[in-house]
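*Asks:* test case, fold it:
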Amino acid sequence: MTKPLVSVQNLTVEFTGNRKAKALNQVSFDLAQGKVLGLLGESGSGKSVTLRTLLRLHPERTTRMGGVIEVAGQDVLSLQGRALDQYRGGVASMVFQEPGLAFDPVYTIGQQMVEAIRAHDGVDHRTAQQQALHMLERVQIPQARRRFDAYPHELSGGMRQRAMIALALVCKPQLLLADEPTTALDATVQIQILLLLRELQKETGMSVIFVTHDIGAAVEVADRIAVMYAGRIVEMGDVAHVVNQPLHPYTQGLLASTVNAENRGKPLLAVPGSPPDLSNLPRGCSFASRCAYATSQCQTEVPPTVATGASALACWHPVSLPQAI
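*Replies:* Numbering: from 1, shown residues only. As a prediction, the model looks like this:
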């Protein structure tokens, strides 16, 4: 059996600043080479924390991490110094939610790309410049030479996002982490960026972990979906299985609150209540207070994650729907 590119086992993350919060609780998943995993869930469910942990971006002084993260055979949580620097960008890279904040505003797009290439590949300035221009062209930026010399604020939102993708891919990482890369863009540009990401992923054979609130985007881009709630993965499986045959009440709630052709013109069924406080998680299932099927067991015992055929599920009382949502 082929070893997965990414293996995360029992990952926990706790922030220990002025207010402690258990951001991730026993998160486990594998990702094969060349596959795309979509992370779904409400704000605060742990999606972005998962990506930042995979890249070791949380401040170590105020963060406690446990479990195992292996990417391309490397124990990520044990990396230090130069090895960690080479891992970031060289093995795993990230497309951030807001490229305007991810780029340094006092350097041009080209300067930042050339610096990344030279730091990881050790090539001369001219070669790095050629590689940067080639990547800007690959992400379909018009007049790449002109954009190469532009500052981040001189580009539109869509162009900045393409430039951010180019910066993330220019050192040929094996794993791309995409944190809601289309959130601030209009609908037309969102579709263009999603199609571009999928095209580049297929061309390069890299693996992708894609964070989104948009179920339609996840269906378009991902091979598998992991639904997160209160720092845990509550349901995970192939896209078609999770979308058409969801078993966890939270997954069903997310799908029911999304506009599609079948419920157009009808009131959306929003998930009642709000997510729990991560600094004071309940004893049992974190979703119990919002779940119509919760029992006393749900209130007092945390459900284990169990493989159920094509899916993995953390629920005491999974509910099969009579038809696909």
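*Asks:* how close does Ala292 sit to Val189?
*Replies:* 38 Å (CB to CB, to the nearest Å). C-beta: built from backbone N, CA, C; applies to glycine.
*Asks:* those two: which is more packed in?
*Replies:* For Ala292 versus Val189, neighbours defined as other CB atoms under 10 Å are more numerous around Val189 (17 against 9).
*Asks:* hang on, the more buried one packs against Arg162?
*Replies:* No - using CB atoms under 8 Å, Val189 is not in contact with Arg162, being 9.4 Å away.
*Asks:* mind giving me the packing neighbours of the helix or strand of the chain with the lowest mean pLDDT?
*Replies:* Least confident element among the helices and strands of the chain, by mean pLDDT, DSSP states H and E: helix 99-102 (a mean of 74). With contacts taken as 3 or more CB pairs under 8 Å, 6 or more residues apart in numbering; DSSP states H and E, helix 99-102 sits against helix 157-169.
*Asks:* what's the following helix or strand after the helix it packs on?
*Replies:* strand 175-179 (DSSP states H and E).
*Asks:* ok and that following strand relative to helix 157-169, angle-wise?
*Replies:* 150 degrees (axes from the mean of the first three to the mean of the last three CA atoms, to 10 degrees).
*Asks:* which positions within the following helix or strand past strand 175-179 qualify as buried?
*Replies:* Where DSSP H and E defines the elements, the next helix or strand beyond strand 175-179 is helix 187-204. By 16 or more other CB atoms under 10 Å, the buried positions in helix 187-204 come out as 189-190, 192-194, 196-198, 200-201, 204.
*Asks:* packing partners for helix 187-204?
*Replies:* helix 157-169, strand 175-179, strand 207-211, helix 215-221.
*Asks:* got a list of contacts for the least confident helix or strand of the chain?
*Replies:* Contacts with helix 99-102, where a contact means CB atoms under 8 Å, 6 or more residues apart in numbering, come from 96, 152-153, 157, 160-161, 163-164.
*Asks:* swap the cut-off to 6 Å and go again
*Replies:* Here helix 99-102 makes contact (CB atoms under 6 Å, 6 or more residues apart in numbering) with 96, 160-161, 164.
*Asks:* what's the answer for stretch 103-117, then?
*Replies:* Contacts for stretch 103-117 (CB under 6 Å, 6+ apart): 89, 128-129, 131-132, 148-152, 163, 167, 170.
*Asks:* sounds good, over and out.
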